[in-house]
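> Starting from these lines, generate the structure:
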Amino acid sequence: DKGEADLPRVHAGSYPVRVRTVGYTDWNGSIVIAANASRTLKVTQQATTDQATLHYQKGEALRDTGKNKDAVQEYQQALAARAAMVEAHIGMARCLITLQDYQEAEKQAQGAINAGGRTLVEAQTVLANLRRHQGLVEESIFEYRKAIKLAASNAFEAHIGLAIALDEPGKT
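Just a heads-up that it's a prediction; the model follows:
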């Protein structure tokens, strides 16, 4: 509420930070944490009236609460307002996987992959998640490894997904 977040037990290092609040533009920055120290991050966000962003943010909030059908509708409205909003394609693909609409999830994930850019690793990971949910474990392993290879930095979700996929056929 005050625009501050205490980070008391974070390992030393440099971290990218994104703060997302419905109705405001995302705040992107970085933070350096020293060993055995805590750090307070102060964030100021600007209100937004951009309809694509607002619908996308509502979709994310709905997805976070498990309201995937409603989230899909918000993502569709975001894409109607801005067809090139790759993040909305990724969010919609995540919802559609949960709803087991694999064909449409594939279209959304592939659209995000084809767009490339800064969300490519996440889009590739979502495609791997789709393959794993379809029961295509070997294909999911291939896609997770591809996402990890594409990542210039950390690909936490891809590493976790790969571990889950490798564990499924007993390749622990």
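
> measure Tyr24 to Gln57 for me?
8 Å (C-beta to C-beta, to the nearest Å). C-betas here are computed from N, CA, C, even on glycine.

> now the most centrally placed residue in the chain, nearest residue through space, not along the chain?
Centroid check for the chain by C-alpha atoms, centre = their mean gives Glu122 as the closest residue, at 5.9 Å. Once flanking residues are discounted, Glu122 sits nearest to Ile90: 5.8 Å by C-beta to C-beta, 6 or more residues apart in numbering.

> you'd agree that neighbour is in a helix?
Yes: counting by DSSP: H, G, I helix; E, B strand; the rest coil, one finds Ile90 located in a helix.

> Use 65 as the first number for this chain going forward.
Let's use 65 as the start, then, which means that last one is Ile154.

> for it, what are its contacts?
Each residue near Ile154 by C-beta atoms under 8 Å, 6 or more residues apart in numbering is listed here: 172-173, 176, 183, 186-187, 190.

> closest to Asp231 among those?
Among the contacts of Ile154, Val190 lies closest to Asp231 (C-beta to C-beta), at 19.7 Å.

> All the helices of this protein, in order from the start?
Secondary structure of the chain (DSSP state H): helices at 115-128, 132-145, 150-162, 166-179, 184-197, 201-214, 220-231.
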